[in-house]
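I need the structure of the sequence given here:
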Amino acid sequence: MNDSLAKLCPDLTEWPRTWQIEKDDLAAGRRIVEALTPFLHHLVSQGLARRTFARHRDNIWLLGGELIRRRHLDDELCKLPVAAALQQLVEGGGGPLIWPNISESEQESFDATCRKLYRFLQRGSLDYS
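Numbering: from 1, shown residues only. Below you'll find the model as predicted:
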């Protein structure tokens with residue numbers, strides 16, 4: 001993690017623990033962080049205002065937690081590599097509906113971040129290993 005990302009996202013290495021439901025989720029959470037870190041670097045490189053970056057960062061954290069939750073509900077999603085699972089959750093129109101429900105404005109913010117991630121994914125910027 002470069003210095004800029006470390007300053008803007010100091011708890012990134014703790015995200016897997018915050019998403020953890022079961023013991024195996026920790027390893028999956030680490031893979032999610034590894035897969036999403038290039039996107040976070042991309043956001044840093046855009047020179048976004050701190051609040052704008054923070055909003056996207058928080059939405060990416062929310063997406064990671066949602067992916068962990070959905071892996072418990074969908075055996076097929078659980079079998080996919082993390083980047084492929086992210087491709088299934090994120091689309092051009094936004095991200096998945098968050099459960100438990102978040103406010104409409106929070107969902108709109110989340111969808112905006114997911115659209116940005118979708119465009120990033122379309123460029124082939126995540127590793128599928």
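
Now do the same for residue 101: helix, strand or coil?
Going by DSSP: H, G, I helix; E, B strand; the rest coil, the secondary structure assigned to residue 101 is coil.

count of neighbours near it?
By the criterion of other CB atoms under 10 Å, residue 101 has 9 neighbours. From N, CA and C alone the C-beta is placed, and that goes for glycine too.

Model confidence score at it, please.
Listed pLDDT for residue 101 reads 80.

now it: how far from residue 90?
19 Å (CB to CB, to the nearest Å).

so where's this structure shaky on pLDDT?
1-2, 125-129 (pLDDT under 70).

And the contacts of the helix ranked longest in it?
If you go by DSSP state H, the chain has its longest helix at helix 50-73. Residues from elsewhere that reach helix 50-73 (CB atoms under 8 Å, 6 or more residues apart in numbering): 8-9, 15, 18-22, 25, 28-29, 32-33, 36, 39-40, 43-44, 48, 77-78, 82, 85-86, 89-90, 95-96, 98-99, 109-110, 112-114, 116-117.

Please name the nearest non-neighbouring residue to residue 118.
Once flanking residues are discounted, residue 118 sits nearest to residue 90: 4.9 Å by CB to CB, 6 or more residues apart in numbering.
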